[in-house]
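below are the sequence and a predicted model; questions follow.
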Amino acid sequence: MAKISIIGAGFGALTAVRELRKALPDAEITLIAPRAEFIYFPSLIWIPSGLRQGSDIRVDLVNFIQRHDIRFHAASVTGLSEDGRLVMTDQGEVENDALIIASGGRFIKKLPGIEHAITICEGIEAAERLRDRLRAMDSGTIAIGFGGNPKEPSAMRGGPMFELLFGLDTQLRREGRRENFRLVFFNPAPEPGKRLGPKAVSGLLAEMKKRNIETHLGNKIKGFEANKVMTEGGEIQADLILFMPGMTGPKWLDKTSLPLSEGGMIRANAHCQVEGLDKVYVAGDSGSFPGPDWMPKQAHMADLQAVTAVKNLAAEFNGGETKASFKVELVCIVDTLDKGILVFRNPKRAVVFPCRLLHRVKRFFEWWYLRPYR
């Protein structure tokens, strides 16, 4: 019986569990994560407006774990040894015959004063802190921006910040107090969102202009103070700062011999195999994969990579070849609370399609996606 360990409890990890149970029904699967819960991160943007509460997007995985007959090891990973055959955790070691790493990445928190900014994708607590800060404000300036990892072009998460920007504008208008607030979007790139495609850039900037959102673009970010964003092109006085830093791999990678990219992520090939290691795969934000520089770090890609990893791992156990590879595509709905903008990109084309119904589509997709885990 094959013993397979999966690190993580997010999108890629849970997709890997489901696919593994179908492909290798007799395998002994161990899921390693601090808590047996799944957070649906795309809906964090709806917490500040009250459209969602933390309990709406936090899913207890106890029933899922029992249904799929997997073992859960409640622990934080601290390292690997024996070329991945042994996972080290703060609650003991876990042996395996194969390993899938889907632990996600971490935000680069090196900018001076970054503790003064709220990073909503850090989780429910951050989103609730933003909600509470907004409720306590009568007026002021809200500065919203994101950065990247210059050594890993794909390791940025700008989509949620565009959603937050437009969503806050919609929320404040609904509350009848938009005229009391100044919204400023800042980004070190002169064309923010370029990875979404050229049409997306012009569309996003046009939407900002339409909503009377100011922009501060093309200036490197130097740091933050309690009421200030500092850039090489000047300062932005702000009463509330929302910022999404670039990403890198989890800290425990430093205590392993895994091959890492310049940006600090696990180097993998198009089959999601970790370079130079036997039966070790990676899916999602902790991996550095071959592909275009616009390849996104998003849940959709993590799912596609997890499916690919499982196909190849199952082929190895069954004596076959590891031929499966994942398609590279960016699919997202930039939600504005009252409508949505569909953004799609693959190597052949890029599509931008605004539609009021897309807000409801995104809400339906949340329900559909969470169904198997509830």
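Happy to help now that I have it.

report the buried residues of stretch 309-322.
Using 16 or more other C-beta atoms under 10 Å as the test for burial, stretch 309-322 gives A309, V310, K311, N312, L313, A314, A315, E316, T322. In this view, the C-beta of every residue, glycine as well, is placed from N, C-alpha and C.

contacts only, for the first one.
It refers to A309. When contacts are counted by C-beta atoms under 8 Å, 6 or more residues apart in numbering, A309 touches A16, I100, H271, C272, Q273, Y281, V282, A283.

OK, contacts around the second one?
Listed by C-beta under 8 Å, 6+ apart, the contact partners of I100 are 4-7, 12-13, 16, 281-283, 306, 309-310, 313.

closest to Q53 out of these?
If you rank the contacts of I100 by distance to Q53 using C-beta to C-beta, A13 comes first, at 24.2 Å.

rewinding a little: can you convert the contacts of A309 into JSON lines and add a column each for distance to F344 and secondary structure?
Conversion of these to JSON lines gives the following (distance: C-beta to C-beta, whole Å; DSSP: H, G, I helix; E, B strand; the rest coil):
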{"residue": "A16", "distance to F344": "25", "secondary structure": "helix"}
{"residue": "I100", "distance to F344": "27", "secondary structure": "strand"}
{"residue": "H271", "distance to F344": "24", "secondary structure": "coil"}
{"residue": "C272", "distance to F344": "23", "secondary structure": "coil"}
{"residue": "Q273", "distance to F344": "28", "secondary structure": "strand"}
{"residue": "Y281", "distance to F344": "27", "secondary structure": "strand"}
{"residue": "V282", "distance to F344": "25", "secondary structure": "strand"}
{"residue": "A283", "distance to F344": "21", "secondary structure": "coil"}
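
and which of those is nearest M244?
If you rank these by distance to M244 using C-beta to C-beta, A283 comes first, at 21.6 Å.

that closest one contacts L99, correct?
No. In this structure, A283 sits apart from L99 without contact. The criterion is C-beta atoms under 8 Å, and the distance is 11.4 Å.

need the outlier residue of this protein, farthest from its centre.
Distance from the centre of the chain peaks at G319, with 34.1 Å (C-alpha atoms, centre = their mean).

where does that residue land in three-state SS?
At G319 the chain is in coil, as set by DSSP: H, G, I helix; E, B strand; the rest coil.

begin at 710 from here
All right, first residue 710 from here; so that's G1028.

can you list the weak-confidence ranges in the stretch 710-859 of the chain?
By pLDDT under 70, the stretch 710-859 of the chain contains no weakly predicted segment.

okay, strands next: where are they in it?
For the stretch 710-859 of the chain, the strands defined by DSSP state E, counting those that start in this stretch occupy 712-716, 737-742, 746-748, 767-769, 780-783, 786-790, 795-798, 801-804, 807-810, 815-816, 849-855.

out of those, which is the most enclosed?
Highest mean neighbour count among the strands of the stretch 710-859 of the chain (mean count of other C-beta atoms under 10 Å): strand 807-810, with a mean of 29.

so in that sheet, which strands flank that one, and in what orientation?
When pairs are called by DSSP bridges, strand 807-810 turns out to pair with strand 712-716 (parallel), strand 989-991 (parallel).

want to throw those strands into JSON lines with distance to P1001?
Supplementary listing: the strands paired with strand 807-810 in JSON lines, determined by distance: least, C-beta to C-beta, whole Å:
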{"stretch": "strand 712-716", "distance to P1001": "27"}
{"stretch": "strand 989-991", "distance to P1001": "19"}
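
out of those, which gets nearest to Y1078?
Distance to Y1078, taken as C-beta to C-beta, is lowest for strand 712-716 among those, at 18.7 Å.

what's the closest of the contacts of I809 to S966?
Distance to S966, by C-beta to C-beta, is smallest for V991 among those, at 14.4 Å.

which residues does the closest one bridge with?
V991 has the following beta-bridge partners by DSSP bridges: I810.

identify the residues contacting it.
With C-beta under 8 Å, 6+ apart as the criterion, the residues that contact V991 are I809, I810, A811, I975, A977, C981, V983, Q1014, A1018.

find the nearest non-adjacent residue to the residue nearest to the spatial centre of the chain, please.
In the chain, the C-alpha closest to the average C-alpha coordinate belongs to Q1007, at a distance of 4.9 Å (C-alpha atoms, centre = their mean). Counting by C-beta to C-beta, 6 or more residues apart in numbering, C1041 is the residue found nearest to Q1007 once chain neighbours are left out, at 6.5 Å.

keeping just the C-alphas, turn stretch 837-849 into PDB.
Provided in PDB are the C-alpha atoms of stretch 837-849 (Å, rounded to 0.1, in the frame of the first residue of the first chain):
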ATOM      1  CA  GLU A 837     -12.300  41.500   9.800                       C
ATOM      2  CA  ARG A 838      -9.700  44.000  11.000                       C
ATOM      3  CA  LEU A 839     -10.300  46.000   7.800                       C
ATOM      4  CA  ARG A 840     -14.100  45.700   8.300                       C
ATOM      5  CA  ASP A 841     -13.800  47.100  11.800                       C
ATOM      6  CA  ARG A 842     -11.500  49.900  10.800                       C
ATOM      7  CA  LEU A 843     -13.900  51.000   8.000                       C
ATOM      8  CA  ARG A 844     -16.800  51.000  10.400                       C
ATOM      9  CA  ALA A 845     -14.900  53.300  12.800                       C
ATOM     10  CA  MET A 846     -14.000  55.800  10.100                       C
ATOM     11  CA  ASP A 847     -16.200  58.800   9.200                       C
ATOM     12  CA  SER A 848     -13.900  60.100   6.500                       C
ATOM     13  CA  GLY A 849     -10.300  60.000   5.300                       C
END
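
ok, and what's touching it?
Applying C-beta under 8 Å, 6+ apart, the external contacts of stretch 837-849 come out as 756-759, 763, 827, 829, 877, 880, 886, 889-891, 947-949, 951.
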